[in-house]
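**Q** take a look and give me a structure for this.
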Amino acid sequence: KDQSNATETDIISWCRENMANYKVPRLLRFVEALPMNASGKVLKTELRAMHNASISNA
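**A** As a prediction, the model looks like this:
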């Protein structure tokens, strides 16, 4: 299946079939790009802030 058209359900189903139960994500969030610093590392603090903001808006 074309990876760009994968849905949350498709990805979680694949994880359930191919990963240990405790590793399967409970939810997914699709973003255009991950926040990166100048050296190309993912800014985990910004990811956490995005997650916390989405929870408080729900």
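
**Q** which parts of the chain are helices?
**A** 8-18, 44-57 (DSSP state H).

**Q** poorly predicted segments of the chain, please.
**A** Scanning the chain for pLDDT under 70 picks out 1-3, 58.

**Q** for R29, give me its contacts.
**A** M50, H51, S54 (CB atoms under 8 Å, 6 or more residues apart in numbering). C-beta: built from backbone N, CA, C; applies to glycine.

**Q** tell me, how many residues neighbour the last one?
**A** S54 sits with 11 neighbouring residues when counted by other CB atoms under 10 Å.

**Q** picking that back up, most tightly packed of the helices of the chain?
**A** helix 8-18 (a mean of 12; mean count of other CB atoms under 10 Å).

**Q** contacts for that one?
**A** Under CB under 8 Å, 6+ apart, the answer for helix 8-18 is K1, K23, V24, P25, L27, L28, F30.

**Q** how far away is I11 from Y22?
**A** As judged by CB to CB, to the nearest Å, I11 and Y22 stand 17 Å apart.

**Q** how about W14?
**A** Using CB to CB, we find W14 at a distance of 16 Å from Y22.

**Q** likewise V42?
**A** Using CB to CB, V42 is found at 23 Å from Y22.

**Q** between the two, which is the more surrounded one?
**A** Neighbour totals were compared for V42 and Y22, and V42 leads with 11 against 5 (other CB under 10 Å).

**Q** burial count for the residue nearest to the more buried one when sequence neighbours are not counted?
**A** Closest residue to V42 apart from its sequence neighbours, by CB to CB, 6 or more residues apart in numbering: L34 at 5.1 Å. Using other CB under 10 Å, L34 has 12 other residues around it.

**Q** cool, and K41?
**A** For K41, using other CB under 10 Å, the count is 10.

**Q** can you list phi and psi of it for me?
**A** phi -90, psi 150 (degrees, to the nearest 10).

**Q** and the gap between W14 and E32?
**A** Relative to E32, W14 is positioned 22 Å away (CB to CB).
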